[in-house]
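Enquirer: Let me see the structure of the following:
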Amino acid sequence: MQRPLFLTGMMGCGKTTVGRILAHALGVPLCDLDVRIERLFGASVPKLLAAGEDRFRACERDALSSLLAEPGARGRGLVVATGGGAILDADSRAAMDDVGTRIYLEASVDELVRRLRQAEAADEGARPLLQGATSLRARVAELLTARRALYRSAALCIDAQGDAVGVADRILVALGKDTGARGSEAV
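Expert: Below you'll find the predicted structure:
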């Protein structure tokens, strides 16, 4: 029986991109928790965050809880791309650890900043927790420093530097699976 895999890490570490590749390689569905939040609460992540980070974190916790309450969710193969702050909630961390494997995609501050700037240039949407920061690098470093210990408490810590297919391959190797990501489509 496969257990859910929960990808955690800072914004820009590649949770969704790696998640797509990993889910394809494993032949299981991908759940992007931010997309689920938007569907459940009828508002975009930026709008929900505008109502306050505490309110958004409650929505995030409720979205994860509702996913895990679905029949069969705890005993099926599933890849979940969590939001960068999902690990801040102790109940959410405990739930992920109880039903599946929490995986931290670790990238350096410089790599995160590079990816976030690249996403911004491609107009992939604003990152609300970065809005108004006088220095993107300083804000990313601040968030990472505050969260690093929680991220590193995951069952697996995977180097997220480099391309997403390589990151997915590292996860598969760590899980003792064949590295099927190389032959999969990068979505």
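Enquirer: Secondary structure class of residue 119, three-state.
Expert: What DSSP: H, G, I helix; E, B strand; the rest coil gives for residue 119 is helix.
Enquirer: The biggest strand by length in the chain - contacts with which helices or strands?
Expert: Longest strand of the chain, by residue count under DSSP state E: strand 101-106. Judged by 3 or more C-beta pairs under 8 Å, 6 or more residues apart in numbering; DSSP states H and E, strand 101-106 is in contact with strand 5-8, helix 136-152, strand 156-159, helix 164-174. To be clear about C-beta, it is placed using only N, CA and C from the backbone, and glycine gets the same treatment.
Enquirer: Would you point to the one among those that's packed deepest?
Expert: Ranked by mean neighbour count, those are led by strand 5-8 with a mean of 29 (mean count of other C-beta atoms under 10 Å).
Enquirer: Figure out which of the helices and strands packed on strand 101-106 is closest to residue 103.
Expert: strand 156-159 (4.6 Å; C-beta to C-beta).
Enquirer: Show me what that closest one pairs with in its sheet, parallel or antiparallel.
Expert: With DSSP bridges as the test, strand 156-159 is paired with strand 101-106 (parallel).
Enquirer: Where does the prediction get shaky in this protein?
Expert: Scanning the chain for pLDDT under 70 picks out the ranges 1, 120-134, 178-187.
Enquirer: let's see 90
Expert: Counting by pLDDT under 90, the chain has low-confidence residues at 1-2, 11-12, 44-54, 70-77, 83-85, 113-140, 177-187.
Enquirer: Could you check the angle the longest strand of the chain makes with helix 164-174?
Expert: Interaxial angle, strand 101-106 versus helix 164-174 (axes from the mean of the first three to the mean of the last three C-alpha atoms, to 10 degrees): 140 degrees.
Enquirer: Quick one: residues in contact with strand 101-106.
Expert: 3-9, 13-15, 18, 87, 93, 96, 151-160, 167, 171, 174-175 (C-beta atoms under 8 Å, 6 or more residues apart in numbering).
Enquirer: re earlier: any idea which of the helices and strands packed on strand 101-106 gets closest to residue 73?
Expert: Closest approach to residue 73 among the helices and strands packed on strand 101-106 (C-beta to C-beta): strand 5-8, 11.9 Å.
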